[in-house]
Structures are given as structure tokens and as C-alpha cells.
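K.L.:
what follows is a predicted protein model with its sequence.
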Amino acid sequence: MSINTTTRVDFDVIASLVNPGARVLDVGCDDGQLLELLQNTKNVDGRGVELSQKGVNECVARGLSVIQGDADSDLKYYPDDGFDYVILSQTLQATRNPKNVLSELLRIGEKAIVSFPNFGHWRMRASLLVNGRMPVTEELPYSWYDTPNIHFCTINDFVDMTKEVGAQVETAVALNALGQRLGFNMPWGFWNLFGQQAVFLLRR
Amino acid sequence: MTKPNKAPAGNDQRSQEATNPHSPVVDFGADKPLRLDSGVVLSPFRIAYQSYGELNSDKSNAILICHALTGDQHVANVHPVTGKNGWWETLVGPGKPVDTDRFFVICSNVLGGCLGSTGPASINPATGAPYALDLSIITIADMVRAQAMLVDHFGIKQLFAVVGGSMGGMQVLEWASSHSDRVFSAVAIATGARHSSQNIAFHEVGRQAVMADPEWKEGRYLEQGTIPRKGLSVARMAAHITYLSETALHRKFGRNLQDRQNVTFGFDADFQIESYLRHQGMSFVDRFDPNSYLYMTRAMDYFDLAAEHQGRLAEAFAGSKTRFCIVSFTSDWLFPTSESRTVAHALNAAGASVSFVEIETDRGHDAFLLDEPEMFSAINGFIRSAARAKGLLQP
């Protein structure tokens, strides 16, 4: 399948981390674009949870198995080990209790894939340093008072949290502003400065 | 498609439909008894049904539609008593989400009903008179057992889909729970896994209205040539309010007066809403058997899927391979979204595949029978996806 040009850059990275035929739960699946990509390219048994009812109804009309729900409060209904992968793409920073959500992902899934915007990116740092105001960028266009993103973190912060919940980092990928992967051998500090977003494959 | 002849409504015709319906019937004789939840063995018994479309060669394209409390098998054809269109022609028909060009669609009158399946208005072979209250209480699970025997009669091993709303949705959940391997996909709309205390309360009001009518004659009105018209009518009026929302009622009727400029300082139907409810009540009596109304409401009251599984609803769906689609409506206060959400969470816990949509509408519980484009597109998407998974549609 040809990937349409509006596919979010982290979707391709996430898809590359998923084994064919896997059972996948996408938490915060939005309009179902990633689930559809995974079904079409990886033949996964995909399910989704989405907060907005509009997103859910669109997904179901497209034939996807999706329910309305909240990452913070509704993951408890899923049994242990129900999925091979639980995906949280660009949603972690919008949860009320990211650490608890991460633990839940690794309870429900054998592996978790988490992608998030890196608040340690040099543009964020520069924006705060130079302007003295909360950064507003093309990718993160909200003002501080109306943003759904209440728990921003940096790549380094996230790595710390994986240790706190006892998760092992199996693969980590940082993407620059052009959506290109940063060099694999670079230290976390380099990624933390130049990665605009990161994708982590975690296991228990 | 069966097109019953339209005939004027009346008492005779109502009992005529119960005993000699405008529908094909299957008679299950002494060799095929039905053991009911009450412990009573029902035999013989009869199921009346309508069907649409063609069953394919490997019998894999059958969809069972389950009707609601006062519904019947005439889902997509003109009703033989009222002359009105089928009750779910918005959803079922050629090119519709339940596409009769593609699927073989069956809808049977439930056990305990009054449109040809064995019910309280049917003749009890032991006495030669109508069963009335001598018929055992029927449960949702009993209705489903009888439907399963009808499905057997067609030689269908697995239904491609079971679809229903309200009491029909209860049957869908019962099918998926107790006949899991015979249900490839399930669409349960505006329903719940149990009848709430409030819902039982409304049903009790309805039943008491019927039984308080002197014309009810302890249920023996058919033999005595009477009909508890007022009782059933009041029951329907009260129930009808629960099918609508306050917003929808106000939008439609407000405080508007009926064909008059001022209130009459009497108890005539001054307000349009009164006139409307009276009409709903009276026209219901023309097509529905009062005793059957008692049995149908009781069946819903007794439904509690979790209770059959030690209070754990997820157990009712343990190991299910069925694909579920749950639909609720924002303004439905009879089966509010929370009831559907409970079912969705139980299905999550059971590891089942579930889609759950809540449709924004102010039309209340009855929205499932109305033109709700978002509901149609969700159900259409779900059914097409399930059909691809079953190989009935090209990917």
C-alpha cells in the first residue's frame, strides 16, 4: 500500500516496530489512520480506544473496532496480556497520570510503543530562552492555557520514567524536524537536543 | 419479499394474526420440545417469521433481526394489520446497511408474541382455548432458544450477524453469550445487559394498568369477547413517554393546544401531547394482544446477563470470537449510554472485539428506529468490515 503523504511521520516508525499478524491496541487512535495502516500493511488484529466520540464514530464507519474511552480511566477494563502491542502515539503528554498509563500499557500488552513530542528539542529550549514564553510551534500550536498537552516531557525525562516503572527499552528512535531518524549511536543527550519527536518500543 | 394483503384493523384481525398469521410459520412438534427457563417444557410450539434476500450456497450470509417489545417480524414489508411500512426499513432492505441484495435476512416473531408465534393468544392444544396466563413465563433466553431452532430449521450453522435494538438488543447479547459460536458478529443497539429497577417500575405500571381494566377478565378476555382497551392503552401511553426525550417532546408539542384557542377547564385532551398519547395508546390496542404485552415486559424485567454468570458480566462473553458493535444514544434515558458502556467494558475484559458508538441525538430511546445517518454509517461500516473478515465481501 502506498503511504499517503499526510501520514504522520511517527506512524511509519511505529509500523516498522510491529510484527505482522499481531494483536494491537491503539490508545488514542484519533480517526483510525494508524490502525488502518497497520491492518493494511501488517495484517494486525487491531482495536482502538479514542476519547472523542467523533473520532470513534468515524473509525467504526471505516470498519475499525474502536470504542470511546479515556487512557487514564478506561485501560483498567482490559485484561492482562490481552495484546502483543499497545500503542500510545502522541497521547502520553495529554494524559493526567502518564506513569500510571505507561504501567497499564505494559500490563495489557507484552510490549508498548510510545511516541511523543520531545520538549527538550533545541527549538523549544531556544523559544523559552529567547522569548521567555511557553513555546508555540507548528507541531504544537496550542497556547499554554488551552492546550490538551498537560504533561510534556523530554526524551531524557521519559527514559527516567521507563526505569521507574521497570520497563526495558527495546528500541528507541528519534526523529528530527524533517521526520528523519537521528543517528542510532548518538547519546541520549544528543537526541534530547535534536529529536523533535521520539518513538520507544518497551517491554516489561 | 412477502407482501401481506392490507386489511382493516380490528379485534378479529388481531386475534387472527395470532393464530393464522400473514407469515410463514414453522411448527415444532412433540419431537422438538422447548425447555423453558421456568422449567416448563413447551410443546408443540410455532414460530412465525419473515425473510428477505437469498441464502447463499454455504449458508454463510444469514442475518437475524431481533425485534423489540412491541415489534414483530414485519421488519421490511408492509404490516398486515396497520398497513404501514416495515418497522426497520431505514436499516433493512436493498442497498441498506443490512443489505437484502447481499444477505439473507430473517426476522421472527418472538416466543410469547402475538403475530403468529406461540404466545398467550395462541390456542393451547391441551384445552382448545387461548393460553392466556396458562402459558409459562417466557424469558429472553427462551426467545433466543426458539430462534436458534428456527435457524436450525434453515440449516444455518452460524449467523453472519444478529442485530437488534432495545429488547431486540437483549436477544443479541443473549445470542452472543449462550450461542457464541453461532454468531459471527453482533449489533446491539440502545440496550443493556439487564433491565434496571426504573425500567421494571415502568413495566409494572403498564401491567397493572392492563390488569386493572375490568375487561381484562383475569386474562380470559378473548373467550369472553372483551378487550382491556383502556388498560393497554394507558400502559402504552406511559411506556411511550419513556421512549422519547423531554427535549424531543417539547420540540414537537411544547404546550401547544389541540384544535382550540384556550384550555377548556376540563379533562378533555386540551394539549397536543395528550391527544398524541391517546392516539398512540388506542392505535396500539388495534395491533397488540394485551396478555402478550404482560409476557413481553416480564421477559425484559427478568433479563440480567451478569446474574447468570455469578454477577460477572465479562464471564458471559468469556472466550468470545464474535465481533461486537454497541450503539447508544445521548438522550436515551431508558437504556442510557452507561448501560452500553458497561457491556463494552465487559467485552473489553473478555478480550472480545468491540466497537462502541454513542450517537448524538435528542430523540431518546426511539432514535434506533428513526433516520439517524450517523448510526447507519457506523452499522454499515461495521457490517461491511465483518463481511470482509468472513469472506462475504471482497477486501
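P.N.:
Everything's here; your move. Numbering: from 1, shown residues only, chains lettered A, B, ... in the order given.
K.L.:
my guess is residue A:113 contacts residue A:199. True?
P.N.:
Yes: using Cβ atoms under 8 Å, residue A:113 is in contact with residue A:199, at 6.8 Å. Glycine gets a C-beta too; all of them are placed from N, C-alpha and C.
K.L.:
which residues do those two both contact?
P.N.:
A:14, A:17 (Cβ atoms under 8 Å, 6 or more residues apart in numbering or on different chains).
K.L.:
for the spatially closest residue to residue B:87 that is not a sequence neighbour, which three-state class applies?
P.N.:
Sequence neighbours aside, residue B:71 is the residue nearest to residue B:87 in space, at 5.6 Å (criterion: Cβ to Cβ, 6 or more residues apart in numbering or on different chains). When classified by DSSP: H, G, I helix; E, B strand; the rest coil, residue B:71 comes out as coil.
K.L.:
right, and residue B:71 touches residue B:169 too?
P.N.:
No: using Cβ under 8 Å, residue B:71 makes no contact with residue B:169, being 11.7 Å away.
K.L.:
most proximal residue of chain A with respect to chain B?
P.N.:
residue A:63 (2.9 Å; Cβ to the nearest Cβ).
K.L.:
residues contacting the residue nearest to that residue when sequence neighbours are not counted?
P.N.:
The shortest distance from residue A:63 to any non-neighbouring residue, by Cβ to Cβ, 6+ apart, is to residue B:385 (2.9 Å). By Cβ under 8 Å, 6+ apart, the residues touching residue B:385 are A:62, A:63, A:64, A:65, B:323.
K.L.:
quick check: bridge partners of the residue positioned nearest the centre of chain A?
P.N.:
Geometric centre of chain A, nearest residue: residue A:89, 2.1 Å, by Cα atoms, centre = their mean. Beta-bridge pairing of residue A:89 under DSSP bridges involves residue A:115.
K.L.:
residue B:355 now?
P.N.:
residue B:325.
K.L.:
and the pLDDT at it?
P.N.:
Note on residue B:355: pLDDT of 96.
K.L.:
can you check residue B:241 too?
P.N.:
For residue B:241, the predicted pLDDT is 96.
K.L.:
in which helix or strand does it reside?
P.N.:
Secondary-structure assignment from DSSP states H and E places residue B:241 in helix B:229-243.
K.L.:
check contacts around the nearest residue to residue A:121 once chain neighbours are set aside.
P.N.:
Distances taken as Cβ to Cβ, 6+ apart put residue A:196 closest to residue A:121, at 5.1 Å, once the chain neighbours are dropped. When contacts are counted by Cβ under 8 Å, 6+ apart, residue A:196 is found next to A:117, A:118, A:121, A:123, A:139, A:175, A:176, A:177.
K.L.:
give me phi/psi at the second one?
P.N.:
Looking back up the chat, that one is residue A:118. Dihedral angles phi and psi of residue A:118 (degrees, to the nearest 10) take the values phi -90, psi 110.
K.L.:
wait, what's in contact with it?
P.N.:
Counting by Cβ under 8 Å, 6+ apart, residue A:118 has contacts A:124, A:154, A:155, A:174, A:191, A:192, A:195, A:196, A:197, A:198.
K.L.:
quick one on the thing from earlier: please flag which of the contacts of residue B:385 sit within strands.
P.N.:
Counted as lying in strands by DSSP state E, out of the contacts of residue B:385, are A:65, B:323.
K.L.:
can you tell me which of the contacts of residue B:385 lies nearest to residue B:337?
P.N.:
residue A:65 (18.6 Å; Cβ to Cβ).
K.L.:
surely the closest one and residue B:322 touch.
P.N.:
No: judged on Cβ under 8 Å, residue A:65 makes no contact with residue B:322 at a distance of 11.6 Å.
K.L.:
shared neighbours, these two?
P.N.:
Counting by Cβ under 8 Å, 6+ apart, the residues touching both residue A:65 and residue B:322 are residue B:353.
K.L.:
list the helices and strands the helix or strand containing residue B:105 packs on?
P.N.:
Assigned by DSSP H and E, residue B:105 belongs to strand B:104-108. Contact partners of strand B:104-108 among helices and strands, from 3 or more Cβ pairs under 8 Å, 6 or more residues apart in numbering or on different chains; DSSP states H and E: strand B:45-52, strand B:62-66, helix B:140-153.
K.L.:
quick one, which of the ones you listed is nearest to chain A?
P.N.:
Using Cβ to the nearest Cβ, the nearest of these to chain A is strand B:62-66, at 16.7 Å.
K.L.:
for the stretch 201-350 of chain B, what lies in contact range of chain A?
P.N.:
B:323, B:325, B:326, B:344, B:345, B:348, B:349, B:350 (Cβ under 8 Å from any Cβ of the partner chain).
K.L.:
sweet, I'm off.
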